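**Student:** Next input, structure requested:
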Amino acid sequence: MTMEKDLFDVAGPVHLTSIDWNCLHHRRSVIACLVQGAYVLELDRQYDRKDHDAIAPPWWESFGFELTGTLIDDVDSSIFGAIYKYKPPASKDSSVEDAPKFVIAFRGTVRRKESLTRDSLLDLNIIKNGLHKTSRYTIAMQAVRNVVSTARSSNIWLSGHSLGSAIAILVGKNMAKLGMLLETFLFNPPFVSAPIESIKDKTIKQGIRIAGSLITAGLSIALKDKLEESSPKDSFAILATWMPHLFVNPSDYICSEYIGYFEHRTFMNKLGYGNIEKLATQNSIGCLFVRAFGNDSDPLHLLPSANLTVNLSHSPDFTTAHAVHQWWLPDQHLQSKQHHYLEMHR
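**Tutor:** So this is what the prediction gives:
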């Protein structure tokens, strides 16, 4: 069975007949399509669509990319990622210099019986902050290392949607710790937290966030010695120069908390409580307790810095708000802002 949303000619950005790599809308649209290509690669596998019957290739070939590799899960043999190489057109323009040489894209959960069990277990690992212990992450990390080693270039981009964004965050963080800052595009990345952003009353919402910051910062100070035993000092600050692109929708409870996470940091900084928030922003209460007992638990979703783009266009339901398709549609009402950890008060 072929769904219309999986067909490039029907659901893709066919209006993009030429790509200006200096244009943020073009970049976002193309990279989102490459993530969709990873999704459709897995669907082609499940429906046994091969060669001329495969419907995935237009999602990358339309923009001058070739597929150089796929990432295969060792548990269910599903395709969870794709490696693309850019082939510049014969008539190059100046923007081609800003194009990626390679893009590694990770798909999210595919809700079909062949992949749902494995994907759902990985979703659960995100909630438990245990994604770094899974073989899918290990395979992804090794693939990125191989591309970086082969390409010998910093112009390698990471991307992912939902579960795939979580994998891309984890890979991006670890590459940044090694000194390699990869351009990263995260569509609807999961934020493990109560959906405070969905509260309509702004005063109540701010009160909850302030209380959470005070409790988290207090626990961080009380457990300082224990935390330093289980985590390198200033590991959060080390990542501050890595600036991934986050694309979130306020109607998507899976990722919408990123809006409040960064807005609250700015709010606390303006109030003069930047020192408190610098402690709170890098920890979660659950992870603090786990690490206090000497166990490894890093809050995957917490980021020092980011370029946050919020889709303010009306989304009638969660399915639409969480879909990767929204990120290549024209005439969207998007709002972007950079958040720098190093700009918080010391």
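
**Student:** in stretch 61-80, what's buried?
**Tutor:** Neighbour counts over stretch 61-80 (16 or more other C-beta atoms under 10 Å) mark 62, 63, 64, 65, 67, 71, 72, 73, 78, 79, 80 as buried. Any C-beta I mention is one placed from the backbone N, CA and C, and that applies to glycine too.

**Student:** can those residues go into a markdown table with extra columns for pLDDT, distance to residue 248 and secondary structure?
**Tutor:** Shown next, in a markdown table, are the buried residues of stretch 61-80 (pLDDT from 0 to 100; distance: C-beta to C-beta, whole Å; DSSP: H, G, I helix; E, B strand; the rest coil):
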| residue | pLDDT | distance to residue 248 | secondary structure |
| --- | --- | --- | --- |
| 62 | 96 | 26 | coil |
| 63 | 96 | 24 | coil |
| 64 | 95 | 28 | coil |
| 65 | 97 | 25 | strand |
| 67 | 98 | 28 | strand |
| 71 | 98 | 25 | strand |
| 72 | 98 | 29 | strand |
| 73 | 98 | 26 | coil |
| 78 | 98 | 26 | coil |
| 79 | 98 | 26 | strand |
| 80 | 98 | 22 | strand |
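
**Student:** how about the helices in the stretch 201-346 of the chain?
**Tutor:** 202-222, 224-230, 235-238, 257-271, 274-280, 285-292, 318-322 (DSSP state H, counting those that start in this stretch).

**Student:** Between these, which one is closest to residue 181.
**Tutor:** Ranking these by proximity to residue 181 (C-beta to C-beta) places helix 235-238 first, at 11.3 Å.

**Student:** which residues are in contact with the closest one?
**Tutor:** 176, 177, 232, 282, 302, 304, 341, 342 (C-beta atoms under 8 Å, 6 or more residues apart in numbering).

**Student:** Next, count neighbours for the closest residue to the first one other than its chain neighbours.
**Tutor:** Spelled out, it's residue 176. Leaving aside its chain neighbours, residue 176 sits nearest to residue 242 (4.0 Å; criterion: C-beta to C-beta, 6 or more residues apart in numbering). Residue 242 has 21 neighbours, counted by other C-beta atoms under 10 Å.

**Student:** Residue 219 too?
**Tutor:** 19.

**Student:** and what of residue 221?
**Tutor:** 11.

**Student:** Please report how far residue 178 lies from residue 141.
**Tutor:** Distance, residue 178 to residue 141, by C-beta to C-beta, to the nearest Å: 11 Å.

**Student:** try residue 93
**Tutor:** Distance from residue 93 to residue 141, by C-beta to C-beta: 35 Å.

**Student:** More neighbours: which of the two?
**Tutor:** Taking other C-beta under 10 Å, residue 93 and residue 141 do not tie; residue 141 has more neighbours (16 against 13).

**Student:** and the more buried one, what does it touch?
**Tutor:** Residue 141 touches 170, 171, 174, counting by C-beta under 8 Å, 6+ apart.

**Student:** name the element the second one belongs to?
**Tutor:** With the criterion set as DSSP states H and E, the secondary-structure element containing residue 171 is helix 163-177.

**Student:** what comes up buried for that helix?
**Tutor:** Buried, per 16+ other C-beta under 10 Å, within helix 163-177: 163-176.

**Student:** for stretch 269-283, same thing?
**Tutor:** 269, 273, 274, 276, 277, 278, 279, 280, 281, 282, 283.

**Student:** what's the closest of these to residue 321?
**Tutor:** The closest of the buried residues of stretch 269-283, once distances to residue 321 are taken by C-beta to C-beta, is residue 281, at 24.9 Å.
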